[in-house]
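Asker: next come a sequence and a model predicted from it.
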Amino acid sequence: MSELFVTESNNRAQEIAYAAVAKLKPESTSLVEYRSRGHVIIIANSEALIANDELENLGNSSNGLSSEIIQFEGSSPNSPIGNQITIKGALGQFVVDLEEKEFKADLILDLSPKPILDMAYKPPGYLFTGTERVNIHNIKTEIEGLIGTFEKPLYINYDENICAHSRSGKAGCTRCIDACPAEAITSLLNKIAVDPYRCQGGGICTTVCPSSAISYTYPKPKDLLNHVRTLVLSYIEALQTDQDRQSSKKGGGAITKVSANKDFFVDLVFVTEDEKARVELLLPTALIITVEEVASVGPEIWLSALAWGARSVRLFALEGMPETAQKALDLHIEMMQSILVAMGHSGNVVSVITEPSELITVSYLSKIVTATHTALTEKRQAFFMALDYLYKQTNMTTEVVTLPYGAIFGEVSIDKSSCTLCMACVSACPGNALQDGHEKPQVSLVEDKCLQCGICVSTCPENAMSMSPRLLLDRKSRLKPQVLHEDTPFCCTACGKPFATTSGIKTILAKLAGHSMFADQRAKDRLKMCDDCRVVDMMEDPAVDF
């Protein structure tokens, strides 16, 4: 049971922990700048314009506003004459395309029955009111407040070199695109593009990214991990010091130092600034970390916090979050809970709190020895560091955890009857999880590196590959290359040099049986030669007509 009431000891420990965090110097992020001059495009049908006739004078004020109207007929911009309206950009740089005509604007006022942009997080500068009569004074005030130069943090950093989105045009991971509530991430063939002007800092893209190609910058991953580590360890140390002092006052004799043990309840809560005060009332003894969006706090943070001493990790989302973000976050919570249960803990040690009543079902991690390892930058390294530490503390013999579909950890399997060991999968693998056998015709998997991106599956010309989400808890097993398929080398019948696999040559001979170009035996035998010997034999064969 968690401590419900604040004690003097709790208060002192909290003050010490927060003071320790205040001394940290996180790395600053870049800024994104918007420039809006106040040109507004009003998109409306005739019904909305009649109801809001004063909007025609929106640009006649002395405040620098200007406006133009795009009018359509019917109940939507696409009806009834098939006008196709698309809106790109954000505040200060909107572009509206309508039947091959292009309009530029700083702001969009959408009076359609339904918003043209239906994503959960609308771009800055996009205002939707519907067709009902609006308060012209309030609208003017809101638009006037969006004139000028504005700045916001650059929330996301993208490294295309480790992105698992695609290789050579073959589809791979789309987790960030699917989860982004602002639709700020789009596909560009072999990589993605993150629009910093549409990005609202939701951060779920960084949580679901399996490779750290997308990382949060407000704060940066290592800074947040260091914040968690400092806060939790400082709190535990302060409680232990206070306990030792009290024991000494009571004449308890020699003091046994047990600060490495989790004798204290440490409830760690991630919350947005808007909900912080409410959480402080609900959980006065908890350690609170304020973040831009709780969805940006991912599995490597949760697991590291538990290893460093937290007895529970809670993500407070009392105001809710967009459906795409919630769905993606729920998947990762389910994944984490499966891992915790496999290690003998309650799954609900890590949870998302959407209603205060859910606090009743929160569980706490069993007491273990607290880790002190440093904060790491790369998310998978941080995750596995904490996982390996926690796994050593358990008496469970479970080595394999089955994870939900879509998890970022797993294995790859090969249908040996179909695989020709062409090594296309090895060349395409963005995480270097699939490896060849160098001099041997062999494909191996290092499961620790597998991103479950699916590029190998889409690349394989024989459709011989499949994926299964799971996690190997044992570090040695996870790092050990597992041979998925191997074959004996086939040596050139002329020079004896190995140049292909035995199964590959058999497949070629079978597929070309009966082909007119390989009707005679000498032509068939050339298929068993390396490239150099095949050319020589063709030049010497009198039956070959050049």
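Answerer: Perfect, I can see it now.
Asker: from here on, just use CA atoms for contacts and neighbour counts.
Answerer: Fine.
Asker: can you pull out the strands in the stretch 301-450 of the chain?
Answerer: 312-316, 350-353, 400-402, 410-414, 434-437, 440-445 (DSSP state E, counting those that start in this stretch).
Asker: against Ile353, how distant is Ala382?
Answerer: As judged by CA to CA, to the nearest Å, Ala382 and Ile353 stand 24 Å apart.
Asker: neighbour-wise, which of the two wins?
Answerer: Ala382 (22 against 18; other CA atoms under 10 Å).
Asker: can you read off the pLDDT for that one?
Answerer: Looking at Ala382, its pLDDT stands at 97.
Asker: how near is it to Phe270?
Answerer: 18 Å.
Asker: make JSON lines from the strands of the stretch 301-450 of the chain and add mean pLDDT and distance to Cys491 to it.
Answerer: Output for the strands of the stretch 301-450 of the chain, formatted as JSON lines (pLDDT from 0 to 100; distance: least, CA to CA, whole Å):
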{"stretch": "strand 312-316", "mean pLDDT": "96", "distance to Cys491": "59"}
{"stretch": "strand 350-353", "mean pLDDT": "96", "distance to Cys491": "56"}
{"stretch": "strand 400-402", "mean pLDDT": "97", "distance to Cys491": "40"}
{"stretch": "strand 410-414", "mean pLDDT": "97", "distance to Cys491": "24"}
{"stretch": "strand 434-437", "mean pLDDT": "94", "distance to Cys491": "17"}
{"stretch": "strand 440-445", "mean pLDDT": "94", "distance to Cys491": "12"}
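Asker: and Pro299, which of those strands is closest to it?
Answerer: strand 350-353 (9.4 Å; CA to CA).
Asker: quick one: that closest one to chain centroid distance?
Answerer: 18 Å (CA atoms, centre = their mean, to the nearest Å).
Asker: tell me what that strand is packed against?
Answerer: Strand 350-353 makes packing contacts with strand 312-316, helix 323-342 when contacts are defined by 3 or more CA pairs under 8 Å, 6 or more residues apart in numbering; DSSP states H and E.
Asker: quick one on the thing from earlier: among the strands of the stretch 301-450 of the chain, which is nearest Gly130?
Answerer: Across those, closest to Gly130 is strand 312-316 (CA to CA), at 31.7 Å.
Asker: please compute how far the closest one lies from its chain's middle.
Answerer: 19 Å.
Asker: what comes into contact with it?
Answerer: In this structure, residues lying in contact with strand 312-316 by CA atoms under 8 Å, 6 or more residues apart in numbering are 266-272, 275, 279, 294, 302, 305-306, 349-354, 362-365.
Asker: buried among those residues? Make that a ChimeraX selection.
Answerer: Selection of buried members from these for ChimeraX, criterion 16 or more other CA atoms under 10 Å:
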select :266,267,268,269,270,271,272,279,294,302,305,306,349,350,351,352,353,362,363,364,365
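Asker: low-confidence ranges, the stretch 251-400 of the chain, go.
Answerer: In the prediction, the stretch 251-400 of the chain carries residues with pLDDT under 70 at positions 251-263.
Asker: same question, the stretch 101-250 of the chain
Answerer: 250.
Asker: and the helices in it, which stretches?
Answerer: Using DSSP state H, counting those that start in this stretch, the helices of the stretch 101-250 of the chain run over 136-144, 175-179, 204-208, 221-249.
Asker: right, and the helix or strand after the helix or strand Glu280 falls within?
Answerer: Using DSSP states H and E, Glu280 sits within helix 276-282. Following helix 276-282 in sequence order, the next helix or strand is strand 287-290 (DSSP H and E).
Asker: next, the buried residues of that following strand.
Answerer: For strand 287-290, by 16+ other CA under 10 Å, it's Leu287, Ile288, Ile289.
Asker: contacting residues for the first one?
Answerer: The neighbours of Leu287, taking CA under 8 Å, 6+ apart as the test, are Gln14, Leu231, Val232, Val266, Asp267, Leu268, Val269.
Asker: any idea how far it lies from Ile192?
Answerer: Taken as CA to CA, the span from Leu287 to Ile192 is 37 Å.
Asker: show the backbone phi and psi for Ser66.
Answerer: Dihedral pair for Ser66: phi -140, psi 150, per degrees, to the nearest 10.
Asker: list the contacts for it?
Answerer: Gly38, His39, Val40, Leu58, Gly59, Asn60.
Asker: what bridges to the closest residue to the fifth one other than its chain neighbours?
Answerer: Closest residue to Gly59 apart from its sequence neighbours, by CA to CA, 6 or more residues apart in numbering: Ser66 at 3.9 Å. Per DSSP bridges, residues listed as beta-bridge partners of Ser66: His39.
Asker: over to Tyr158?
Answerer: Beta-bridge partners, per DSSP bridges, of Tyr158: Ile214.
Asker: neighbours around it, how many?
Answerer: 17.
Asker: go on, Asn57?
Answerer: Using other CA under 10 Å, Asn57 is surrounded by 13 other residues.
Asker: show me which residues of stretch 475-490 are buried.
Answerer: For stretch 475-490, by 16+ other CA under 10 Å, it's Arg478, Pro481, Gln482, Val483, Leu484, His485, Glu486, Asp487, Pro489, Phe490.
Asker: which pair of those spans the longest distance?
Answerer: Using CA to CA, the buried residues of stretch 475-490 span at most 31.6 Å, a distance reached by Arg478 and Phe490.
Asker: about what we covered before: and of the helices and strands packed on strand 350-353, who's closest to Ala90?
Answerer: Of all the helices and strands packed on strand 350-353, helix 323-342 comes closest under CA to CA, at 20.9 Å.
Asker: helices or strands up against the closest one?
Answerer: On the basis of 3+ CA pairs under 8 Å, 6+ apart, helix 323-342 makes packing contacts with helix 175-179, helix 204-208, helix 299-308, strand 350-353, strand 400-402.
Asker: the helix or strand that contains Ser468 vs helix 323-342, what angle?
Answerer: Ser468 is part of strand 465-472 when elements are defined by DSSP H and E. Taking axes from the mean of the first three to the mean of the last three CA atoms, to 10 degrees, one finds strand 465-472 and helix 323-342 inclined to each other by 60 degrees.
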